[in-house]
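Engineer: Sequence below, structure please.
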Amino acid sequence: MSFSGDWVWTINPQGGAILYSGANLGPGFLQTLDWPGRICKWLIPSMEITLSSSSLRTRPGDRVETAVQIYNDHTAQDTYSINLEGLDQSWWDISIVSTSLYPGDSCVSTISMNPPRHSSSAAGTYDFSVIVSPQSSPIPAERLSGHLNLEPYHSLSVNVMPVDSNRRGSTYRLNLCNEGNTPLQILLSGRDPRDGLVFRFEQESPTVGPGKSLEVGLTVTPKRRSILGRPRVQEFLVKTISLLPGSVPDLALVSITVHPHIPVWIFWVALLVMGAVAVATGVAVIAESY
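Structural biologist: Residues are numbered from 1 along each chain as shown. All right, here's what the predicted structure looks like:
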């Protein structure tokens with residue numbers, strides 16, 4: 001669009017610039033220029049947006065906030081919509097999603113980010129964009145970029161279940177559940193205060209992904225068993241600890257039944273059999289004497 005007079009003026013709508021005599025005044029400038037006999041005022045629609053903080057850090061379950069400020073640098077009223085892209089919609093909330101501003105007015109909208117304390121909130125850095133779109137003026141929407149650094153948290157649950165027991169030993173199943181948001185490498189071990197048991201894990205140092213479960217088999221055998229006697233119950237500990245610095249071990253108290261080589265009931269049965277044989281022999285001897 002151009003206008004004629006002592007000067008030639010050209011408005012470039014694509015770039016939002018005023019061109020005169022080969023000079024570019026640039027987008028968004030309000031220029032007051034002397035024109036023979038009167039003052040001519042040219043206005044290009046514009047807005048200014050700023051983000052209070054573009055680098056955010058939080059832990060799942062905690063809240064962090066930033067704010068976007070919108071300034072109407074236009075000569076007419078306009079309505080602006082605010083949106084966010086790049087993050088799961090359940091992670092964030094915008095206090096003001098749409099606002100109408102008169103020329104020279106501004107508005108501040110708070111953006112709250114609260115990723116849930118769940119393994120799906122994986123640790124890492126997430127890029128996002130805050131988008132402000134005017135509804136009436138022809139200027140395009142503007143984007144402000146930022147990133148959210150989501151810190152790791154660790155939560156491990158351990159469940160030990162007996163599977164089978166016999167004279168040679170017992171077998172167990174360990175269920176390891178990583179309820180945190182980062183992979184965990186785990187070290188497994190058994191502790192016996194009497195040092196009378198041998199522990200064999202299918203995996204001694206497994207890795208469990210966030211939100212995942214893993215079953216690990218454990219076989220426990222006694223080092224020594226008595227020749228004759230009754231079964232005895234012996235307790236031991238299964239120790240589970242993450243290899244991350246500062247991790248606290250989880251201790252599960254478990255028991256095993258240690259059987260003797262010869263059960264005591266066999267001894268009593270043998271005595272009864274021997275007694276029965278002795279009685280039968282005595283009866284036979286007495287019968288022959290008659």
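Engineer: So, low pLDDT: which residues of the stretch 151-290 of the chain?
Structural biologist: 226, 228, 261-271, 275-280, 282-290 (pLDDT under 70).
Engineer: where do the strands sit along it?
Structural biologist: Secondary structure of the stretch 151-290 of the chain (DSSP state E, counting those that start in this stretch): strands at 156-165, 170-178, 184-191, 197-201, 207-208, 213-222, 228-229, 232-242, 250-258, 262-263.
Engineer: of these, which approaches Pro60 most closely?
Structural biologist: strand 170-178 (13.8 Å; Cβ to Cβ). Every residue, glycine included, has its C-beta placed from N, CA and C.
Engineer: Name every strand pairing with that closest one and say which way it goes.
Structural biologist: strand 156-165 (antiparallel), strand 213-222 (antiparallel) (DSSP bridges).
Engineer: most tightly surrounded among those?
Structural biologist: Among the strands paired with strand 170-178, strand 213-222 has the highest mean neighbour count (mean count of other Cβ atoms under 10 Å), at a mean of 17.
Engineer: Tell me which residues are up against that one.
Structural biologist: 160, 163, 168-178, 188, 190, 196-203, 206, 208, 234, 236, 238, 256, 258 (Cβ atoms under 8 Å, 6 or more residues apart in numbering).
Engineer: that older thread, deepest of the strands of the stretch 151-290 of the chain, which one?
Structural biologist: Taking mean count of other Cβ under 10 Å, strand 170-178 is the most buried of these, at a mean of 19.
Engineer: thought Val132 was touching Tyr71?
Structural biologist: No. In this structure, Val132 is not within contact of Tyr71 by Cβ atoms under 8 Å, at 10.5 Å.
Engineer: Quick check: neighbours shared by those two?
Structural biologist: Common neighbours of Val132 and Tyr71 (Cβ under 8 Å, 6+ apart) are Met47, Ile49.
Engineer: Have a look at the two and say which one is more surrounded.
Structural biologist: Using other Cβ atoms under 10 Å as the criterion, Val132 and Tyr71 rank with Val132 on top: 20 against 15.
Engineer: and the more buried one, what does it touch?
Structural biologist: Contacts of Val132 (Cβ under 8 Å, 6+ apart): Met47, Ile49, Val68, Ile70, Tyr80, Ser81, Ile82, Ala141, Glu142, Leu144.
Engineer: what about the stretch 1-150 of the chain, any weak spots by pLDDT?
Structural biologist: 1-45.
Engineer: make it 50
Structural biologist: The model of the stretch 1-150 of the chain has pLDDT under 50 over residues 1-43.
Engineer: returning to that earlier point: could I get the strands paired with strand 170-178 as TSV with distance to Leu87?
Structural biologist: Listed next are the strands paired with strand 170-178 as TSV, based on distance: least, Cβ to Cβ, whole Å:
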stretch	distance to Leu87
strand 156-165	27
strand 213-222	27
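Engineer: Closest to Ile111 out of the contacts of Val132?
Structural biologist: Distances from Ile111 to the contacts of Val132, taken by Cβ to Cβ, are shortest for Val68, at 6.5 Å.
Engineer: measure the closest one to Asp88 for me?
Structural biologist: 19 Å (Cβ to Cβ, to the nearest Å).
Engineer: Skipping adjacent residues, who's closest to Ser52 in space?
Structural biologist: Ala67 (4.3 Å; Cβ to Cβ, 6 or more residues apart in numbering).
Engineer: so the one you found touches Ser109, yeah?
Structural biologist: Yes. The pair Ala67 / Ser109 is scored as a contact, 6.7 Å apart, by Cβ under 8 Å.
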